[in-house]
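Novice: Dropping a prediction and its sequence here:
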Amino acid sequence: MGPKKQKKSGGKNKVGKAEKLRLQKEEEERRLQEEEEARLQAEQEEAARLEKERIERERMKKLEAKDQERREDELAELNSLQEKFVCAQRWKTEYRAYTKWEHYIACDGSPDPTVLQEINTFMNLWREDQNEDIQFVMEKGEQVLNLIEKLQFLLLDVPPSEITEKETAQYQETILELENLLHQKYNEATEHLLKSAIMYEDSDTGNMQTVIKDKNVTFCIWANLKKKVRFKNHVFCDTHHGFDLPKSLAVSSIAVRILHTHYDHVSPLWLQCQRVPRLEVLDSQELTQHSQDNAGEPEEEEKEAKEEPNVTAEEETLPDERNSAISFRGNTNSIADTNEVTEEETEKKSENLEVTPEVQIPQMEEKTSEEEEMITDESTVDLQQFVPVGGVYRIDGLQLPPQVQQINSWCVVELLDGGLEAYPYPPQESEDTPHPPIQITLGLPDSVIYWKEPMIARWDPAGKQWRTDGISNITYETQEGNITFEIDAFYTIAFLQDIHLNMPYQAWELRPTSTDEAVFVITAVFAEVQIQIKGNQCMLAAVVVEEKNVLSHLIGKWMCPVTLRRALKKCGLNIFPEEYSYKYVCVNQKAPITEFRAYRQIALVASAFAFGWSKWNLESGQDQVVFKVSEHLKADFVKDEDWSLYMFNGQRAQKLKITEASEAFSMELEEDTEFHSTLYHMLKDFASKEAIDKVNTANFLFVDAVYQLLLATRVLMYS
């Protein structure tokens with residue numbers, strides 16, 4: 001039985017091996033068949049892909065050829081639209097001449113600050129004026145501040161071609177002389193007041209204490225008449241400013257003055273003259289050649305633009321109240337004259353507008369780097385990152401002058417040749433001996449927003465810089481709006497805030513609301529800012545912080561765009577990047593040519609189309625900008641489904657197939673759309689006749705106002 005069983009087992013093994021071989025063979029054949037099928041499918045898919053790409057290339061080639069064929073006509077039509085910028089610039093030039101003539105024929109006794117003889121006469125007469133009454137000085141000071149503002153406005157508003165280097169230097173020197181004269185008169189008025197300190201004697205303490213203020217300046221003056229240690233501190237009513245003196249000063253013949261100027265005449269002059277890049281007119285022949293050589297070649301044009309050495313920046317800044325109140329509705333004659341531009345002038349000036357203002361940026365950065373002072377230690381404040389907000393506080397210890405004495409019917413006072421003298425602290429003869437600090441409490445102004453605890457700095461007149469050393473034990477009382485700190489000597493103090501706290505922006509939207517009217521909304525880090533535009537003016541409509549409106553004193557006041565920009569920065573709400581801001585903000589870098597041409601063309605069609613922020617602008621690269629667009633002829637909000645995405649690179653505009661809800665960025669064209677050389681013609685393909693009519697008839701001052709705001713906020717780069 002044993003051998004038979006072995007034979008049977010061997011037969012089964014043979015059958016099992018054959019079955020395995022058969023199965024392996026079938027598996028191998030199946031695998032080869034699947035590989036062959038996969039190969040054939042891959043070849044078919046690759047062939048289909050190549051065919052699709054070939055068809056797409058041919059389609060794109062046809063679209064590009066079609067775009068090139070009509071490019072010249074489209075650019076000519078764009079130049080015709082851009083005549084609005086030419087008209088706006090001419091209107092401004094004519095208005096400057098008109099206001100100068102108006103001042104001349106008014107003969108109201110006020111000097112023209114640009115005429116050296118007039119302004120010198122004004123300053124000399126005031127120097128010789130013996131009226132030291134503090135109310136008179138403050139009233140006269142308001143006139144001086146208006147003169148300073150006019151000069152600053154001219155320095156920033158007038159194109160370089162209309163102002164010489166000599167005139168620029170003259171205006172800057174006049175500004176400094178007016179500032180020095182104003183402070184000198186403040187000192188003289190303070191001395192005059194202190195000579196009669198006994199007239200302001202407090203019944204409880206026996207010391208002098210008074211507060212005198214107007215919209216520009218606040219005087220808080222305390223005189224130590226009794227010299228008692230228990231009266232070494234004081235808080236001035238209505239201002240929340242106060243001090244606590246060391247005992248050695250409490251028994252000294254000292255006066256304390258806290259002079260709060262709501263402006264800053266201490267920081268370097270360049271800090272008040274930050275410019276927004278503007279267009280600069282060059283030689284028309286050079287511009288024509290530049291335009292012809294670079295038509296259809298954006299890469300070469302951008303390269304040449306970056307190498308262009310001669311373009312500089314210009315900007316408008318805060319004018320006086322009369323300038324800011326101008327409305328285009330009241331200047332029909334001027335507008336009519338402005339529109340009388342010959343075709344030749346329009347063509348040349350439109351070419352000028354095509355000069356890339358963006359090439360100014362590297363130059364401005366280079367100039368700034370040359371002017372900025374080297375930061376030698378951590379105590380020195382970088383004025384490109386931090387700026388004084390809320391004015392300047394001059395905290396002075398003063399020698400109490402001899403008091404007026406009543407003798408019979410005579411008032412007798414000893415006159416000193418030195419004038420108002422500072423009280424030295426700490427004493428010079430004991431500099432090595434430690435002296436107790438002076439405690440100061442300052443109330444923050446209600447008209448200013450401090451988003452975070454401000455930096456406290458003192459002015460170093462020797463180094464011409466703000467410094468943080470010498471200040472200690474800082475206590476910030478948020479609810480009371482006070483800051484208490486200690487200083488080792490009497491200093492000029494300022495509260496500084498980071499310029500870029502509200503950057504980068506979270507979103508933005510520009511939509512028309514009526515004829516030559518629009519609303520511009522920027523969602524910044526801490527606030528939502530709504531600005532209404534009407535003609536050549538704009539108005540702060542709302543500043544929403546945590547669902548609460550702030551800056552109520554500015555809301556509802558119409559002013560020119562530059563005035564609004566200065567007013568918001570003065571109040572601590574800075575949504576306007578400077579030329580060096582890219583160093584302190586994580587920006588969405590864009591090619592300057594693309595960015596500035598986009599602002600210009602957006603402004604041209606803003607009367608009928610709404611624009612908004614798109615997340616894909618972050619993914620489109622440096623050479624393209626992406627934004628949402630919708631035809632908008634009503635005053636309501638734009639619905640999400642009404643938005644479309646457009647991409648623009650300065651030379652070509654296209655409508656994108658993707659939406660804000662798409663999973664990935666793609667430059668694929670929307671079906672049945674084409675390329676166009678300008679944003680205007682791209683939108684024209686889908687726009688109604690009513691919308692195009694509104695674009696063509698939009699007032700040039702409205703277009704310029706929109707452009708100024710876009711250029712000042714740079715939403716395509718700082719969002």
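Specialist: Looks like it came in fine. Numbers count the residues shown, from 1 in each chain.
Novice: Could you use CA atoms for every contact and neighbour count after this?
Specialist: OK.
Novice: Which positions in stretch 53-71 come out as buried?
Specialist: For stretch 53-71, a neighbour-count test (16 or more other C-alpha atoms under 10 Å) marks L63, E64, D67, Q68, R71 as buried.
Novice: I'd like to know which of those are part of helices.
Specialist: Mapping the buried residues of stretch 53-71 onto helices (DSSP state H) picks out L63, E64, D67, Q68, R71.
Novice: Tell me which two in these are the farthest apart.
Specialist: Greatest spatial distance in those: L63 and R71, 11.7 Å, computed using C-alpha to C-alpha.
Novice: hmm, back to that, closest to A712 out of the ones in helices among the buried residues of stretch 53-71?
Specialist: If you rank those by distance to A712 using C-alpha to C-alpha, R71 comes first, at 29.8 Å.
Novice: In this model H681 seems to touch that closest one, though I could be wrong.
Specialist: No. Between R71 and H681 there is no contact under C-alpha atoms under 8 Å: 10.2 Å.
Novice: check which helix or strand covers the nearest residue to A223 once chain neighbours are set aside.
Specialist: Take A223 and drop its neighbours on the chain: the residue closest to it by C-alpha to C-alpha, 6 or more residues apart in numbering is A255, 4.2 Å away. Take DSSP states H and E as the rule and A255 turns out to sit in strand 254-261.
Novice: List the strands paired with that strand, with their directions.
Specialist: Strand pairing for strand 254-261, determined by DSSP bridges: strand 217-223 (antiparallel), strand 392-399 (antiparallel).
Novice: want to throw those strands into a markdown table with distance to F236, mean neighbour count and mean pLDDT?
Specialist: Converted to a markdown table, these look like this (distance: least, C-alpha to C-alpha, whole Å; neighbours: other C-alpha atoms under 10 Å; pLDDT from 0 to 100):
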| stretch | distance to F236 | mean neighbour count | mean pLDDT |
| --- | --- | --- | --- |
| strand 217-223 | 7 | 22 | 93 |
| strand 392-399 | 14 | 22 | 94 |
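Novice: Contact partners for A661?
Specialist: Not one residue lies near A661 by C-alpha atoms under 8 Å, 6 or more residues apart in numbering.
Novice: On the pLDDT front, check it for me.
Specialist: pLDDT, A661: 92.
Novice: related to what we said a few turns ago, ok, now how distant is the residue nearest to A223 from F219?
Specialist: Distance from A255 to F219, counting by C-alpha to C-alpha, to the nearest Å: 13 Å.
Novice: contact partners of stretch 642-657?
Specialist: The contact list for stretch 642-657 (C-alpha under 8 Å, 6+ apart) reads 296, 298, 593-595, 597-598, 614, 623-630, 658-660, 666-671, 673-679, 682.
Novice: where does the residue nearest to the spatial centre of the chain fall, phi/psi-wise?
Specialist: What sits nearest the mean C-alpha location of the chain, by C-alpha atoms, centre = their mean, is F576, with 1.8 Å. For F576, the backbone dihedrals (degrees, to the nearest 10) come out as phi -130, psi 100.
Novice: show me what contacts V625?
Specialist: V625 makes contact with K590, T594, E595, A598, N617, M647, F648, N649, L716, according to C-alpha under 8 Å, 6+ apart.
Novice: what kind of secondary structure is the first one in?
Specialist: Pointing back at K590 there. coil (DSSP: H, G, I helix; E, B strand; the rest coil).
Novice: Against V392, how distant is P577?
Specialist: P577 is 23 Å from V392, by C-alpha to C-alpha.
Novice: Please give the element, helix or strand, for W91.
Specialist: Per DSSP H and E: helix 83-106 holds W91.
Novice: for that helix, packing partners?
Specialist: Under the contact criterion of 3 or more C-alpha pairs under 8 Å, 6 or more residues apart in numbering; DSSP states H and E, helix 83-106 touches helix 332-338, helix 343-353, helix 700-713.
Novice: ranking those helices by mean pLDDT, which is last?
Specialist: Looking at the helices and strands packed on helix 83-106, the bottom one is helix 332-338 with a mean of 39.
Novice: For W459, see how far away the residue nearest to A223 is.
Specialist: Separation of A255 from W459 (C-alpha to C-alpha) stands at 21 Å.
Novice: neighbour-wise, which of these two wins?
Specialist: Ranked by neighbour count (other C-alpha atoms under 10 Å), A255 and W459 place A255 first, with 24 against 20.
Novice: how far away is the nearest residue to L383 once chain neighbours are set aside from I134?
Specialist: Nearest-residue entry for L383: L271, 7.7 Å, with adjacent residues in sequence omitted and distances by C-alpha to C-alpha, 6+ apart. Note on L271: its distance to I134, by C-alpha to C-alpha, is 29 Å.
Novice: A462: which element?
Specialist: Counting by DSSP H and E, there is no helix or strand that carries A462.
Novice: Quick one: residues contacting it.
Specialist: Counted by C-alpha under 8 Å, 6+ apart, A462 has zero contacts.
Novice: any idea how far it is from T174?
Specialist: From A462 to T174 the distance is 22 Å (C-alpha to C-alpha).
Novice: for the record, mean pLDDT for the helix or strand hosting Q33?
Specialist: In the assignment (DSSP H and E), Q33 maps to helix 2-81. Per-residue pLDDT over helix 2-81 has a mean of 77.
Novice: now it against helix 83-106, angle please.
Specialist: Counting by axes from the mean of the first three to the mean of the last three C-alpha atoms, to 10 degrees, helix 2-81 lies at 40 degrees to helix 83-106.
Novice: Show me what helix 2-81 packs onto, helices and strands only.
Specialist: Under the contact definition 3+ C-alpha pairs under 8 Å, 6+ apart, helix 2-81 sits against helix 343-353.
Novice: quick one: which of L271 and I134 has more around it?
Specialist: Using other C-alpha under 10 Å as the criterion, L271 and I134 rank with I134 on top: 21 against 13.
Novice: And the contacts of the strand holding A255?
Specialist: Outside strand 254-261, the residues within contact range by C-alpha under 8 Å, 6+ apart are 216-224, 241, 391-400, 423.
Novice: run the last query once more with 7 Å
Specialist: Contacting residues not belonging to strand 254-261 are listed as 216-224, 391-400, 423 [C-alpha atoms under 7 Å, 6 or more residues apart in numbering].
Novice: Please name the residues that touch F490.
Specialist: Neighbour list for F490: I395, D396, G397 [criterion: C-alpha under 7 Å, 6+ apart].
Novice: Can you give me the distance of the second one to I493?
Specialist: Between D396 and I493 the distance, using C-alpha to C-alpha, works out to 10 Å.
Novice: Next: the last one.
Specialist: When C-alpha to C-alpha is applied, the distance between G397 and I493 equals 14 Å.
Novice: Output the helix or strand encompassing E486 as CSV - backbone C-alpha positions only.
Specialist: Using DSSP H and E, E486 maps to strand 482-487. C-alpha atoms of strand 482-487 as CSV (Å, rounded to 0.1, in the frame of the first residue of the first chain):
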residue,chain,number,x,y,z
ASN,A,482,-3.5,109.1,29.7
ILE,A,483,0.1,108.2,29.6
THR,A,484,2.3,108.7,32.6
PHE,A,485,6.1,108.4,32.4
GLU,A,486,9.3,109.8,34.0
ILE,A,487,12.0,111.9,32.3
